[in-house]
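Engineer: just need the structure, nothing else, for what follows:
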Amino acid sequence: MAWRLRNSEFQEKKGLGNKHGLRAIVEAGMPTGVLAYIGKIPVGWCAVAPRKDYVRLGGSRVLSPVDDRLVWSVSCFYVARERRRMGISVCLLVAGVQYARRLGAKIVEGYPLDISKPQPDVFVWTGLASAFHRAGFQEVARRSATRPIMRCELRK
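Structural biologist: Predicted structure coming up:
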């Protein structure tokens, strides 16, 4: 919910308020993203929705729109601690692109970190550029040394 609300609103609803807000979005049938499972156990999440659904992206100078094309955005990931560094983020990205395509997307973009030194997992919740590259995304803009805007253009 962090990207879907203004920061003040997100902070105000922190905890159960945001949990209920996401539940309402899911129950309304709005796009939310994809889950990764190993067997019957959920091990990961990737948020994917039309960029217009992510209010906070609209106020970001670094992540402002590259052009006026309609895009879907990958806004965040979660992978269970014991399943990290196994390629699940790449699988989630590929599944997220397929999900967006089924719902009519022509372009999917993400805002990963491009870092040279390892970071604590809590700081890479928007993903790593290396995972986006492996999933077929290309860098289309960079307004910050560590934050590329990467896209996957969907073919018919």
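Engineer: so what strands line up beside the top strand by length along the chain?
Structural biologist: The strand of greatest length in the chain, counted in residues with DSSP state E as the criterion, is given as strand 41-50. On the basis of DSSP bridges, the sheet neighbours of strand 41-50 come out as strand 33-38 (antiparallel), strand 72-79 (antiparallel).
Engineer: between the ones you listed, which one is closest to Lys106.
Structural biologist: Comparison of the strands paired with strand 41-50 against Lys106 by CB to CB identifies strand 72-79 as nearest, at 8.5 Å. Just so you know, the C-beta spots here come from the backbone N, C-alpha and C atoms, and that holds for glycine as well.
Engineer: let me know the next secondary structure element after the closest one.
Structural biologist: With elements assigned by DSSP states H and E, the helix or strand that comes after strand 72-79 is helix 88-102.
Engineer: between that next one and strand 33-38, how many degrees?
Structural biologist: Computed with axes from the mean of the first three to the mean of the last three CA atoms, to 10 degrees, the direction of helix 88-102 lies at 140 degrees from that of strand 33-38.
Engineer: okay, helix 88-102 in PDB with CA atoms only?
Structural biologist: What follows is the C-alpha trace of helix 88-102 in PDB, where atoms were taken according to Å, rounded to 0.1, in the frame of the first residue of the first chain:
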ATOM      1  CA  ILE A  88      12.300 -16.200  -7.100                       C
ATOM      2  CA  SER A  89      12.300 -12.400  -7.800                       C
ATOM      3  CA  VAL A  90      13.100 -13.200 -11.500                       C
ATOM      4  CA  CYS A  91      10.200 -15.700 -11.600                       C
ATOM      5  CA  LEU A  92       7.900 -13.200  -9.900                       C
ATOM      6  CA  LEU A  93       8.900 -10.600 -12.500                       C
ATOM      7  CA  VAL A  94       8.200 -13.000 -15.400                       C
ATOM      8  CA  ALA A  95       4.800 -14.000 -13.900                       C
ATOM      9  CA  GLY A  96       4.000 -10.300 -13.200                       C
ATOM     10  CA  VAL A  97       4.600  -9.400 -16.800                       C
ATOM     11  CA  GLN A  98       2.400 -12.300 -18.000                       C
ATOM     12  CA  TYR A  99      -0.300 -11.200 -15.500                       C
ATOM     13  CA  ALA A 100      -0.200  -7.600 -16.700                       C
ATOM     14  CA  ARG A 101      -0.300  -8.700 -20.400                       C
ATOM     15  CA  ARG A 102      -3.400 -10.800 -19.600                       C
END
